[in-house]
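Student: Predicted coordinates and the sequence they were generated for:
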Amino acid sequence: MEFEKLQEIIVDVLNVNPDEITMDTTFVDDLGADSLDIFQIIMGIEEAFDIEIANEDAESIVTVGDAVEQIKNATN
């Protein structure tokens, strides 16, 4: 469930094909996201899941899987 919701946020922010997004997809290398894009994705995550991601945790998010892990940790 987290992955599907996150996928929607990424598609909305980066305007990419959902089929390009897997747990191993990196935001910068695979999807071409810049720091503003990543910030927007994190804001979208925080809003969609009603959580807060600390800056140091946000800096460790490199792949879609990392973001899903952050969501799971924050919602448990």
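Tutor: In hand now; what should we look at?

Student: chain center to the lengthiest helix in the chain, what's the gap?
Tutor: Among the segments of the chain that qualify as a helix by DSSP state H, the longest is helix 35-49. Computed by CA atoms, centre = their mean, to the nearest Å, the separation of helix 35-49 from the middle of its chain amounts to 7 Å.

Student: How about stretch 39-56?
Tutor: For stretch 39-56, the separation from the chain centroid amounts to 8 Å (computed by CA atoms, centre = their mean).

Student: Go through that stretch and flag the buried ones.
Tutor: Using 16 or more other CB atoms under 10 Å as the burial criterion, the residues of stretch 39-56 that qualify are Q40, I41, I42, G44, I45, F49, I53. Every residue, glycine included, has its C-beta placed from N, CA and C.

Student: how many other residues sit next to the closest residue to the third one other than its chain neighbours?
Tutor: Residue nearest to I42 in three dimensions, not counting chain neighbours: A58, with 5.3 Å by CB to CB, 6 or more residues apart in numbering. Per other CB atoms under 10 Å, the neighbour tally for A58 reads 17.

Student: Check I71 too.
Tutor: Counted with other CB under 10 Å, I71 comes out at 21.

Student: in what helix or strand does it lie?
Tutor: Element membership for I71 (DSSP states H and E) is helix 64-75.

Student: ok, residues contacting that helix?
Tutor: For helix 64-75, contacts defined as CB atoms under 8 Å, 6 or more residues apart in numbering pick out 2-3, 6-7, 10, 21-27, 41, 45, 49, 51-53, 57-58, 60-61.
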